[in-house]
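Asks: what shape does this take:
(chains A, B, C and D)
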4 protein chains.
Amino acid sequence: MIRAGIVGGTGYTGVELLRILLLHPQVEVSVVTSRADAGLRVDQLYPSLRGYCDVIFSLPELDNLKDCDVVFFATPNGTAMLMAEALLELGVKVIDLSADFRIKDRQEWEKWYGMQHASPDLIAEAVYGLPEVNREQIKQARLIACPGCYPTAVQLGFLPLLEVGAIDEQHLIADVKSGVSGAGRKAEISSLMSEAGESFKAYAVAGHRHLPEIRQGLQNVARQAVGLTFVPHLTPMIRGIHATLYARLNRKLDLQSLFEEKYREERFVDVLPSGSHADTRNVRGSNRCQIAVYQPQGGDTVVILSVIDNLVKGASGQAVQNMNLMFGLPEYQSLEAVALYP
Amino acid sequence: MIRAGIVGGTGYTGVELLRILLLHPQVEVSVVTSRADAGLRVDQLYPSLRGYCDVIFSLPELDNLKDCDVVFFATPNGTAMLMAEALLELGVKVIDLSADFRIKDRQEWEKWYGMQHASPDLIAEAVYGLPEVNREQIKQARLIACPGCYPTAVQLGFLPLLEVGAIDEQHLIADVKSGVSGAGRKAEISSLMSEAGESFKAYAVAGHRHLPEIRQGLQNVARQAVGLTFVPHLTPMIRGIHATLYARLNRKLDLQSLFEEKYREERFVDVLPSGSHADTRNVRGSNRCQIAVYQPQGGDTVVILSVIDNLVKGASGQAVQNMNLMFGLPEYQSLEAVALYP
Amino acid sequence: MIRAGIVGGTGYTGVELLRILLLHPQVEVSVVTSRADAGLRVDQLYPSLRGYCDVIFSLPELDNLKDCDVVFFATPNGTAMLMAEALLELGVKVIDLSADFRIKDRQEWEKWYGMQHASPDLIAEAVYGLPEVNREQIKQARLIACPGCYPTAVQLGFLPLLEVGAIDEQHLIADVKSGVSGAGRKAEISSLMSEAGESFKAYAVAGHRHLPEIRQGLQNVARQAVGLTFVPHLTPMIRGIHATLYARLNRKLDLQSLFEEKYREERFVDVLPSGSHADTRNVRGSNRCQIAVYQPQGGDTVVILSVIDNLVKGASGQAVQNMNLMFGLPEYQSLEAVALYP
Amino acid sequence: MIRAGIVGGTGYTGVELLRILLLHPQVEVSVVTSRADAGLRVDQLYPSLRGYCDVIFSLPELDNLKDCDVVFFATPNGTAMLMAEALLELGVKVIDLSADFRIKDRQEWEKWYGMQHASPDLIAEAVYGLPEVNREQIKQARLIACPGCYPTAVQLGFLPLLEVGAIDEQHLIADVKSGVSGAGRKAEISSLMSEAGESFKAYAVAGHRHLPEIRQGLQNVARQAVGLTFVPHLTPMIRGIHATLYARLNRKLDLQSLFEEKYREERFVDVLPSGSHADTRNVRGSNRCQIAVYQPQGGDTVVILSVIDNLVKGASGQAVQNMNLMFGLPEYQSLEAVALYP
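Replies: Next up, the predicted model:
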């Protein structure tokens, strides 16, 4: 059994990790930390876990985590970088769901995240945990930087086209809509149901932290600089991301075949039949990305629809997918749940 | 492997059966019928099932179902009673999620359901599939009448008190709130999001079909006639039932202990700690009923809160729980999913 | 023109007062206070008010309010009682939307609200602002205690029956469901859309602050002690309260006629035709209470359905209705908006 | 008093017309037709209108409408074109909320709407009822073609830039999100709350009927052909449209000033301060369009956010705005309601 620890177990990605890991046949969740709730039973905070988990929140200290085989950081940005090095030295693998190790350019990271990086030496080692791109490196990795939710949906949608150089990579547009759980379990007025319910808005149009992450990922595939306009929106639902991607085609090609072939072997990326639309409800609670591709009116603009559950493929599910790869387990273990529809 | 058939696979209880059964290690879903969609792939109608199910909808005819070991009826009322006898004669077990075999008093059934019963001889044989009450009979049964969603939540809440005769059984009140999936996948104006969203209403206050079913179940436990006022409400969410039950206590007793002891061995009924409230979100997607019990202000009125997911413990999950019992499998097989929170 | 001030203009009852008063032909909103946002334009916080309001938030100080004809307190409990006396002495009328002056029994108030009353001498003078009960006193009042949202819906539903002594007043049950705006514009995790959305729960079953207020109102009408079980619930919508009320009838009577006659002259209480259900959507944004009454199965239990918009008839609309009465204006002025459906 | 008739009073635009017109001081709603509900009181179908409307649904026949001064068509496409000519001949002004007279190119209309136009001679006369573009013609018109909901939001957002020729008009992108009331009050499975709730999807990506209408409107302003990719989405809320518009700038200009100056005199178009986002909730129930404009990262892509309430500025409110203009009334009469927030 793999002994897993979760640092920051009180947020939505933390409880989602628990939902998945507690039923994983190869994993024992031995530690869940919370600075605020240390001493409390986890299932007292989360009654959905009653009967599945008798762990008590402990403090996020090295001593509590040192016997783990793997530690997940489901923490705000800036925490994992403080503890990762010590854990790695103890032989504990680290899977960070926060943004600490996602951006290779340290200065870029510090600009967008507004703090100094505490563990710059590890940035280069960290593997960006998008299995559809980096599967082999993930298998060898000690430290995984899990992709953000928006970046997962956007990259999986643009990759097939960038790989073959079929679009004008200087003018990509990603119009992306997220459910409110993406804002986390934080007491903020803007996330109240009275504010976020029955309303739709864009936010951070001037610049969102996921922009450099997406750009970096796209550039790695395009092997050149890309220009991206990224507009995130808040949509009045709890789970789900829907990315609507636009690019200009620079030549004719069979888009449907391109996407189907690219993802034929990917268990967690499902290219829908031609003419389909992608509903977020069809991936709710599942680790799957569903993609549809269009060329409206036969023009030169390609439209890609890419949906995920932001807490699963966009966070905790993908983190477990990475863990499975790192430990030589079947990639899909404990990730086979069918989406909860309706 | 148990070969399972689903008659009426296009409604919400049908697709929920598929969600559960497709991952059941002992079951192969070999037939799914739909009169309207025969010939269509199931996963074309339900893209959430892509990769899990390559069955094609067939017509609901005996010939298509005769090789099944068990057939689930996820049909409107009035269908199962037409086919059950023939299936039973072929040795096929039948689990009916509709109301056809729930009411033992045929005239009462015909009054509430407005049709003649087509298979009255089977009514007596049918076992009411509430495992917490009838587990042993279920194990021996050929024909199961799965409880309705409201009846499941209400009965599990009242049973402990009726068994010990601690309440005035003549004046029970069940104020119950359901998510809109309880209305099924039917094109009706009242179920449109523009109608049912952002609004709350009672309906069928003058009399709802689940009233005689609940009353029958309560009377079996109370061993006398009971008086029940049952008011169902529609609440603007998709899944979940919350029953708030009121009764007058006729003596002092330790309510918390009574409930905890009654359900100590029940995997799918979870009595919450004293002082807790029961949220429907904590059972969303799970086969569990969570219950809390109160005696406000120390008065003589007991208040019981009982929540289920109407499509799982209130329908398809409970149906699979019955199947597991009928086939000698672990009762909880394929029913262990943790609730999807948030 | 009546010069109106609003203390605590940043919460939902504050902005709702603005929505109504800014279009009132006899009112000029001259002061809106906010401790946190003093100096900011009101319409910067609330873009819905752009073009209707050029007021700047000022500090909640007597000096800023002394030229008003009327001051509304849309504040948390405990604020109005600190300022009311000084305002009254300056000749300013006071309409308190908080609970400070609702309960006549000071000790009862202090027990439920957990603080000492700062202005006990005013409690007796304050008129409980339910126009359907106290219209004449309201016209003469200097100080109004606006009813709570739950108390408004529950009292309007029970009053006709208590007045004629037709029900067992010792065992009243009020099962009430509220939208999330009732929790106010406060950064609390339990009010996040990810928590309150797609879920239903009861809360404060052991005892809610509106219980003594409702009991006091019912007792005034019944002219004797009443016994009440009050269970509030949170329903996943923004606006609306639905009260489902249960009582045992002690004699036969024509319920529909009783209710229709009681409220025939009331512009803001609408008794629906026999057999109707009351949807909260039909009063959304309006100052109306809609009521339906049932005697299910002809038994001895009466069921009353009573719906309001918690922010209008349950708070700010009713406050303006009180103001209109106090200043000799038509009771319905600026309160005639048709509900926003869908 | 203007005698107004509404043909097709049972849909959402019909009841919204009633909500606005019943409080209009210059209008008497004398006729409301419904083929299905003729003979029924309007307020029996819509209890929100009780006390405001004692009209009975009549059949949609000329004889019932001939005494009106103006008739609104809140009908499915294909109805207004059958009756408009006869009404005009009788001197009745016609305001069509459907698409019958929106497209000047008859063949284009017939291609997208799949039927033959029944009144082609009127197409040229019909004035496209977007007051911000065609105010003077509207004042003189007998026949108004009210813009669609998507076209209103998209055109108001693009117009300032197209007028000055500042963008590449060949590659416009309109990513637009609508609440579900846009689908109307029709019993369709895809509009059920269980389907449309808690989910987000694009639809009609291959081509939507509003595409030619938007293109025509943009071309009239740009005075040349434009290329437009238009992707509509369904978002889980009832009211509201959020258009996110993308275009490439062909020169430097002060975007904020351009928009503010363009709309300075427009009561129903509100350009938000620089750095704002536009929330649909801030226009819910109001006739206003709110717009924000961005140039992310100082690049050459302009992003415009444009929000309306699809049933008000996107349909019935704009229809009344047109009526006010046609009858020489203040343009804003009965359209001054503040948005319902929260």
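Asks: for the rest of this, base every contact and every neighbour count on C-alpha atoms.
Replies: OK.
Asks: leaving out sequence neighbours, find the closest residue to the closest residue to chain B within the stretch 201-342 of chain A.
Replies: Closest residue of the stretch 201-342 of chain A to chain B, Cα to the nearest Cα: A:Asn282 (4.5 Å). Here the nearest residue to A:Asn282 in space, its sequence neighbours aside, is B:Ser48; by Cα to Cα, 6 or more residues apart in numbering or on different chains that works out to 4.5 Å.
Asks: where does the one you found land on pLDDT?
Replies: Looking at B:Ser48, its pLDDT stands at 98.
Asks: list the contacts of it.
Replies: A:282-283, A:338-339, A:341 (Cα atoms under 8 Å, 6 or more residues apart in numbering or on different chains).
Asks: who wins for most neighbours among those?
Replies: Using other Cα atoms under 10 Å in any protein chain shown as the neighbour criterion, A:Val283 leads the contacts of B:Ser48 with 30 neighbours.
Asks: returning to that earlier point: give me the three-state assignment for the residue nearest to A:Asn282.
Replies: Taking DSSP: H, G, I helix; E, B strand; the rest coil as the rule, one finds B:Ser48 in the helix state.
Asks: hmm, back to that, and of the contacts of B:Ser48, the nearest to chain C?
Replies: Distances from chain C to the contacts of B:Ser48, taken by Cα to the nearest Cα, are shortest for A:Tyr341, at 13.5 Å.
Asks: let me know the pLDDT of that closest one.
Replies: Residue-level confidence at A:Tyr341 comes out at 97, pLDDT.
Asks: I'd guess it is in a helix, am I close?
Replies: No - under three-state DSSP, A:Tyr341 falls outside any helix and is assigned coil.
Asks: for A:Gln140, which non-adjacent residue is closest in space?
Replies: Ranked by Cα to Cα, 6+ apart and with sequence neighbours excluded, the top spatial neighbour of A:Gln140 is A:Met326, at 6.4 Å.
Asks: after the lengthiest helix in chain A, next one along is what?
Replies: When chain A is parsed with DSSP state H, its longest helix is helix A:149-163. Next in sequence after helix A:149-163, counting helices and strands by DSSP states H and E, comes strand A:172-178.
Asks: quick one: list the elements packing against the following helix or strand past that next one.
Replies: Downstream of strand A:172-178, the next assigned helix or strand under DSSP H and E is helix A:193-196. For helix A:193-196, the packing partners by 3 or more Cα pairs under 8 Å, 6 or more residues apart in numbering or on different chains; DSSP states H and E come out as helix C:193-196.
Asks: list the contacts of the helix it packs on.
Replies: For helix C:193-196, contacts defined as Cα under 8 Å, 6+ apart pick out A:180-181, A:185, A:191-194, A:196-197, A:237-238, B:342, C:180, C:189-190, C:234-236.
Asks: if you set the cut-off to 10 Å instead, what comes out?
Replies: The contact list for helix C:193-196 (Cα atoms under 10 Å, 6 or more residues apart in numbering or on different chains) reads A:12, A:179-185, A:190-197, A:236-239, B:279, B:281, B:341-342, C:179-180, C:189-190, C:199, C:234-237.
Asks: distance between it and the chain's centre?
Replies: Taking Cα atoms, centre = their mean, to the nearest Å, one finds the center of helix C:193-196 at 25 Å from the center of the full chain.
Asks: ok, and for that helix, which residues are buried?
Replies: By neighbour count on 16 or more other Cα atoms under 10 Å in any protein chain shown, the buried set for helix C:193-196 is C:193-196.
Asks: so what does A:Leu234 have for phi and psi?
Replies: phi -110, psi 130 (degrees, to the nearest 10).
Asks: same thing with A:Ala80?
Replies: phi -60, psi -40.
Asks: tell me the pLDDT of A:Leu255.
Replies: A:Leu255 is given a pLDDT of 98.
Asks: what's the neighbour count on it?
Replies: Neighbour tally, A:Leu255, other Cα under 10 Å: 18.
Asks: tell me which parts of the stretch 51-200 of chain A are close to chain D?
Replies: A:171, A:173, A:175-179, A:193-200 (Cα under 10 Å from any Cα of the partner chain).
Asks: how about the helix or strand harbouring A:Leu258 and chain D, touching?
Replies: Element membership for A:Leu258, per DSSP H and E: helix A:255-262. No - Helix A:255-262 lies apart from chain D when judged by Cα under 10 Å from any Cα; the minimum separation is 13.9 Å.
Asks: now do the helices for chain A: every range, in order, please.
Replies: According to DSSP H, chain A carries its helices in the segments A:12-21, A:42-45, A:62-65, A:80-89, A:106-113, A:120-123, A:131-140, A:149-163, A:193-196, A:210-222, A:255-262, A:317-326.
Asks: centre of the chain to the longest one, how far?
Replies: On the basis of Cα atoms, centre = their mean, helix A:149-163 sits 12 Å off its chain's mean C-alpha point.
Asks: rewinding a little: nearest to D:Leu156 among the buried residues of helix C:193-196?
Replies: Nearest to D:Leu156 out of the buried residues of helix C:193-196 is C:Met193 (Cα to Cα; 31.3 Å).
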